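Trainee: Based on what follows, work out the 3D shape:
(chains A and B)
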Amino acid sequence: MSNDKNIDEILNGRIKNSLLKQTRKNFSDDVMKQIMLSQQFAKEDKKENKVLIYLTGGISLFIVSFLVIFGIANSGTETKTNQTLNIFENFSNLLKENFSALYEKLNLSFSIEYIIIALTIIGFILMSNFADKIIFRKR
Amino acid sequence: MTVKENIANKIRSGDSEVFRKFVDEYKDKAYSLCIKILKSPEDAEDALQESFLKLYKSIIENQFESNSKLSTYFYSIVYNTSVDLYKKKKRTGFNMISIDIESSDYSDGDELTTGIKEKISDYDGVNTDQEKNFNADFAKEIIEEYVNNLPHQYSIILNMFYLNELSHDEISKILKIPLGTIKNRLFRAREKLKFLILEKYSEEEIKELV
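Mentor: All right, here's what the predicted structure looks like:
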């Protein structure tokens, strides 16, 4: 019985040795480099997300405050539905006026095409940023 | 707090040197498991690298529960990542069960010794003292060849048990195979090897040679 156990122990040791395969020499270095890179990406993502949150938050706050201010300023004798319509009307008029003024200063003519082009560029930037984060960095 | 929990906590606090030590300690044992699944050194390294990254991420993001063993958790990542890569490359499923279902007539373990029996029978054996070194090498070679030619349904379990030092229960959970099957395959693989060796060498010779 103890002889049998002895042989089992010897064979177990040999099996273990036969199973073991070795990685290349600088494998650990490569893993650590990958980890450092992923940490760096994570930090950058965090920063970008923070900026994006502040930016969208700021824009939303700006729009909401405009709506509220105009709502208060236009509250008068008209009915509630008309008031709401007026708020949007005033707001879009204000945007148009400001954009027209800005475009005039830049020597451009104000038209809906420019807005579409601007929105497309913004959309493209956002999409490429999203693709970079989700698709390319995962490779 | 156990040593392994300590490792996870240290890694979480940004101590990358601790993680490097973990990589150094487990890379070869885990690589051996990847190779058994993927059969290609390049794919095995890719899977292993990805596994270490996944482990690091799950520690940092607190997905690793401190009440489980870090090494067991890591080996389950290694197994799943390798199987996923296998499926992606070969575009087929990875079957750990098939041998028992499809090959019920393999009860004598013949599927474990394909190609090795001939090698052993071709070899006459040498018993003089001068030839003992050669004899020892041959015994080692038989074991090496036997282990490396086992079907993956056996070799992965052997790898997990002997090299990765996982318990029967842990292997059963990772592979999602009944505990009885794990014990049975380990027993059969070991007994067949013992039988092969004892066919050629006496017990005394084995102790001297191997």
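
Trainee: Could you check how far B:R190 is from chain A?
Mentor: Distance of B:R190 to chain A, given as CB to the nearest CB, to the nearest Å: 7 Å. Where you see a C-beta, it was placed from the backbone N, CA and C, and this is true even at glycine.

Trainee: Spit out the contact partners of that residue.
Mentor: Applying CB atoms under 8 Å, 6 or more residues apart in numbering or on different chains to B:R190 gives the contacts A:D8, A:L11, A:N12, A:I15.

Trainee: Same check on B:E165?
Mentor: B:E165 touches B:S71, counting by CB under 8 Å, 6+ apart.

Trainee: what about it, which SS state?
Mentor: coil (DSSP: H, G, I helix; E, B strand; the rest coil).

Trainee: low-confidence ranges in chain B?
Mentor: Applying pLDDT under 70 to chain B picks out residues B:1-5, B:66, B:91, B:93, B:97-136, B:207-210.

Trainee: about what we covered before: which among the contacts of B:R190 are in contact with chain B?
Mentor: When the contacts of B:R190 are checked against chain B using CB under 8 Å from any CB of the partner chain, the ones in range are A:D8, A:L11, A:N12, A:I15.

Trainee: Going along the chain, name the helices of chain B.
Mentor: B:3-12, B:16-38, B:41-60, B:70-90, B:98-102, B:116-122, B:132-148, B:152-158, B:168-175, B:179-200, B:203-209 (DSSP state H).

Trainee: Now do the closest residue to B:D24 other than its chain neighbours: how many residues are near it, please.
Mentor: Using CB to CB, 6 or more residues apart in numbering or on different chains and skipping residues adjacent in sequence, the residue nearest B:D24 is A:S28, 5.5 Å away. The number of residues packed around A:S28, counting by other CB atoms under 10 Å in any protein chain shown, is 18.

Trainee: A:S28 in helix, strand or coil?
Mentor: helix.

Trainee: For it, list the residues it contacts.
Mentor: Listed by CB under 8 Å, 6+ apart, the contact partners of A:S28 are B:R20, B:V23, B:D24, B:K27.

Trainee: could you flag which of the residues you listed are buried?
Mentor: Using 16 or more other CB atoms under 10 Å in any protein chain shown as the burial test, the contacts of A:S28 include B:V23, B:K27 as buried.

Trainee: Between all of the contacts of A:S28, which two are at the greatest distance?
Mentor: The largest distance within these, taken as CB to CB, falls between B:R20 and B:K27 and amounts to 10.4 Å.

Trainee: quick one: low-confidence ranges for chain A?
Mentor: Scanning chain A for pLDDT under 70 picks out A:1-5, A:66-68, A:70-88, A:91, A:95-96, A:99, A:102-103, A:105-115, A:132-139.

Trainee: Up against chain B, what does it have?
Mentor: Close to chain B, as judged by CB under 8 Å from any CB, chain A has residues A:3, A:6-8, A:10-12, A:14-16, A:18-24, A:27-28, A:30-32, A:34-36, A:38.

Trainee: Tell me which of the residues you listed fall in strands.
Mentor: Applying DSSP state E to these, no entry is found in strands.

Trainee: ChimeraX command for the buried members of those residues?
Mentor: Selecting only the buried entries of these in ChimeraX, with 16+ other CB under 10 Å as the criterion:
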select /A:7,10,11,14,15,16,18,19,21,23,27,28,31,32,35
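
Trainee: Now for A:N12: which residues touch it?
Mentor: Contacts for A:N12 were tallied using CB under 8 Å, 6+ apart; they are B:Y162, B:R190.

Trainee: how about the residue found closest to B:F19 once you drop the neighbours it is linked to in the chain, what does it touch?
Mentor: For B:F19, ignoring the flanking residues on the chain, the nearest one in space by CB to CB, 6+ apart is B:I11 at 5.0 Å. Residues counted as contacts of B:I11 (CB under 8 Å, 6+ apart) are B:V18, B:F19, B:F22, B:Y56, B:I59, B:I60.
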